[in-house]
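A.B. asks: sharing a model that was predicted from the sequence below.
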Amino acid sequence: MKIIVDAMGGDNAPAAAVIGGALAAKEYGEEVLLVGDAARIAAILREKGMESTPGLTTVPAADIVDMHDDPATVLRQKPDSSMAVAFRLLKAGEGDALVSAGNTGALLTGATLFGGRIKGIRRGALAPVMPCAGGQVMLCDAGANTECTAEMLLQFAFLGSLYAEKIGGVHKPRVGLVNNGTEDTKGDTLRKETYALLQKASEEGRLNFVGNVEGSMVPLGACDIAVCDGFAGNVMLKTIEGVAKFMAGEIKKVFTRNTATKLGYLACKRGMDEFRGLFDQDRIGGAPFLGIAKPVIKAHGSSGETAIKNAVRQAIAYTRSGMIDAVRENIQYMTVE
């Protein structure tokens, strides 16, 4: 298996992507193609003593897609960028999956144009997972589609559910519709239409729909898949990230207030380390673009080498899972006539 890594994407590129890719090739025993500035990649590998890592190949690319480029046009305007070259490799079948910490919009555009949507899927969805009481919850969508139809949200529910089953090993994942109340009469027209579609799919045994879930219920483990449009999902994701950072900062203030509290921290250190680990983005790796015909994993823009390594692991698991074939087999249940 070959995993393509956009070595120039992300805030910590190319070092994080290069080292993370090399670590992944060594640990997982699969081929990794590093796409980017060949001279800089070689220098980083030499500095870390990784230049002879088995399964590691460099593919030159002269340009870079940065966070300020227009997502809709940048791949055409910068055909020699690392992201554009990486997508051409994916489209040509010279790699099985792609990992990038680069511009999210450009990555979605490339995934759609070069990877292609699975036939019948209206839009690809960005689907990150985050910690919740009792495990993890997937947000689907979390930023790829700010305007959605009820059919799109139905498809997000199926995509997230299949991913949780195939890759997360979750039996009958609980699907919740993010809404401003739990009653079936709550929400705007989009939410009400989506509720009816999800309820029908649940009655037919296609989904395990648990009804509407409020935003406060998602971190408390009310569902395994939280279905929402990309605007609401992105706001929820960023809000939860911000609250987690705020809480961590306040807890740190409490423990560093005086000598007694510092001694108290030493007694609680293991538990606090475990708490911080729940919000460690590097441990997860990245978020898949669901509904795309080839695996594309979006790593966080601030990813370090560990996050890139784990994003490669995620790409390997996605490729092996049969997820894309499962979507094709169930597509008839995801469309509205």
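C.D. replies: Nice, I can see it.
A.B. asks: list of residues touching whatever helix or strand residue 312 lives in?
C.D. replies: Using DSSP states H and E, residue 312 sits within helix 305-321. Under the criterion Cβ atoms under 8 Å, 6 or more residues apart in numbering, residues 1, 3, 5, 15-17, 19-21, 23-24, 27-28, 30, 32, 96-99, 101, 166-167, 281-286, 288, 295, 297, 299-300, 303 lie in contact with helix 305-321. To be clear about C-beta, it is placed using only N, CA and C from the backbone, and glycine gets the same treatment.
A.B. asks: mind checking which of these are buried?
C.D. replies: For the contacts of helix 305-321, a neighbour count by 16 or more other Cβ atoms under 10 Å gives the buried set as 3, 5, 15-17, 19-21, 23-24, 28, 30, 32, 96-99, 101, 166-167, 281-282, 284-286, 288, 295, 297, 299-300, 303.
A.B. asks: what's the local residue count around the closest residue in space to residue 330 that isn't next to it in sequence?
C.D. replies: Nearest-residue entry for residue 330: residue 158, 6.2 Å, with adjacent residues in sequence omitted and distances by Cβ to Cβ, 6 or more residues apart in numbering. Counted with other Cβ atoms under 10 Å, residues neighbouring residue 158 total 26.
A.B. asks: helix, strand or coil for residue 158?
C.D. replies: Put simply, residue 158 is helix when judged by DSSP: H, G, I helix; E, B strand; the rest coil.
A.B. asks: contact partners for it?
C.D. replies: 201, 206-207, 327, 330, 333-334.
A.B. asks: take the contacts of helix 305-321 and keep only those in strands.
C.D. replies: Using DSSP state E to define strands, the subset of the contacts of helix 305-321 located there is 3, 5, 32, 97-99, 286, 288, 297, 299.
A.B. asks: greatest separation within those residues: which pair is it?
C.D. replies: Maximum pairwise distance in the ones in strands among the contacts of helix 305-321, criterion Cβ to Cβ, is 17.9 Å, between 32 and 288.
A.B. asks: circling back to that earlier point, what subset of the contacts of residue 158 is buried?
C.D. replies: Buried members of the contacts of residue 158, counted by 16+ other Cβ under 10 Å: 201, 206-207, 327, 334.
A.B. asks: now those in TSV, with pLDDT?
C.D. replies: Output for the buried ones among the contacts of residue 158, formatted as TSV (pLDDT from 0 to 100):
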residue	pLDDT
201	97
206	96
207	97
327	96
334	94
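A.B. asks: closest to residue 268 among those residues?
C.D. replies: Nearest member of the buried ones among the contacts of residue 158 to residue 268, counting by Cβ to Cβ, is residue 207, at 41.2 Å.
A.B. asks: find the nearest non-adjacent residue to residue 1, please.
C.D. replies: Nearest non-adjacent residue to residue 1, counting by Cβ to Cβ, 6+ apart: residue 30, 4.6 Å away.
A.B. asks: got phi/psi on the one you found?
C.D. replies: phi -110, psi 160 (degrees, to the nearest 10).
A.B. asks: all strands for the stretch 151-300 of the chain, in order.
C.D. replies: 174-178, 208-213, 225-227, 286-290, 296-299 (DSSP state E, counting those that start in this stretch).
A.B. asks: ok, the stretch 1-150 of the chain next?
C.D. replies: Listed in chain order, the strands of the stretch 1-150 of the chain (DSSP E, counting those that start in this stretch) span 2-6, 31-36, 56-60, 97-100, 125-126, 129-132, 135-140.
A.B. asks: out of these, which is closest to residue 322?
C.D. replies: Residue 322 lies closest to strand 97-100 among the strands of the stretch 1-150 of the chain, at 13.8 Å (Cβ to Cβ).
A.B. asks: who touches the closest one?
C.D. replies: For strand 97-100, the external contacting residues (Cβ under 8 Å, 6+ apart) are 1, 3-6, 9-10, 83, 86-87, 89-90, 107, 111, 115, 286, 294-299, 308, 311-312, 314-316, 318-319.
A.B. asks: which secondary structure element of this structure has the lowest mean pLDDT?
C.D. replies: Across the helices and strands of the chain, the lowest-confidence element by mean pLDDT, DSSP states H and E is helix 281-284, at a mean of 76.
A.B. asks: what's in contact with that helix?
C.D. replies: Helix 281-284 is contacted from outside by 128-129, 277, 300, 302-304, 306-307, 310, 314, using Cβ under 8 Å, 6+ apart.
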